[in-house]
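1. build the 3D model from these lines:
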Amino acid sequence: MNHNLPSAKDMLVFGNRSMASMVWHGLTHDACRQVAGFVVNKAYATTGQHEGLPLYAFEDLADIFPDNRPELIIPVGSVHINGIRRSLCEQARALGFSLGSYVSRKASYFPDTPMGEHCLVFEHAVIQSFARLGSNVVLRSGANIGHHNVIEDHCFIATGVVTGGNVSIGEQSFIGLGAIIRDGVTIAPRSLIGAGAVVLRDTEPDGVYVGNPARKIAKTSLEATSDAS
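-> This next block holds a predicted model:
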């Protein structure tokens with residue numbers, strides 16, 4: 001038996017870049033969770049360590065942990081309009097790993113706030129009354145989610161976003177830094193709202209919206225996030 005392997009109470013964080021480091025730091029110093037190591041695709045597992053912890057190859061996890069499987073958390077950004085993060089979560093579940101969450105103790109939300117599996121809610125985020133988060137949602141620092149909002153699965157809400165009441169954000173959408181969404185607006189699935197945009201009307205699926213007031217541009221959200229990090 002290898003006593004150096006993580007226990008079922010430990011967590012593994014996917015990635016070896018800044019987002020993974022932030023989640024590791026929050027889990028360790030805010031949530032008081034034990035992070036046993038990081039995980040990347042095998043092609044990137046060349047250094048052996050990240051933040052002084054072991055770096056495992058995702059493709060080898062089932063063999064490394066055949067029985068005692070720690071929780072995985074996958075803090076990947078908006079690449080392919082959140083499709084990469086969604087796919088990794090689905091692959092992890094297929095391998096038999098459970099997905100953990102990180103909700104900062106410095107976030108503001110009511111105890112009965114519904115949140116799905118694998119949510120990342122960073123410090124000073126605000127979730128108002130009767131709002132609901134789906135699964136695999138990232139809510140970055142200082143975002144303010146209005147009352148009776150519905151955020152569907154696989155969304156990424158960036159720092160400083162403000163939404164009015166009764167806003168609906170469709171699955172796999174990305175809302176950029178400091179964007180504002182007016183009361184009652186519906187953000188269609190896979191929409192990309194640019195940084196600082198002010199959205200006054202419903203959006204269309206796969207659209208990219210920029211400016212004040214927000215206007216749709218020709219590029220699709222998948223095209224706009226094909227090289228995102």
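2. below-threshold pLDDT in the protein: ranges please.
-> By pLDDT under 70, the low-scoring segments of the chain are 1-9, 227-229.
3. hey, where'd the helices end up in it?
-> Secondary structure of the chain (DSSP state H): helices located at 18-29, 61-64, 83-94, 221-224.
4. out of those helices, flag the one nearest residue 156.
-> Closest approach to residue 156 among the helices of the chain (CB to CB): helix 83-94, 8.0 Å. For every residue, glycine as well, the C-beta is placed using N, CA and C.
5. on contacts alone, who are the packing partners of the closest one?
-> Packing partners of helix 83-94 (3 or more CB pairs under 8 Å, 6 or more residues apart in numbering; DSSP states H and E): none among the helices and strands.
6. buried ones in it?
-> By neighbour count with 16 or more other CB atoms under 10 Å, helix 83-94 contains the buried residues 83-86, 88-89, 92.
7. out of the helices of the chain, which gets nearest to residue 55?
-> Evaluated over these, closeness to residue 55 peaks at helix 18-29, with 10.1 Å, by CB to CB.
8. can you count the residues close to residue 213?
-> Neighbours of residue 213 under the rule other CB atoms under 10 Å: 11.
9. swap that for residue 27, sorry
-> 19.
10. surely residue 82 touches residue 174?
-> Yes. With contact defined as CB atoms under 8 Å, residue 82 and residue 174 form a contacting pair (6.3 Å).
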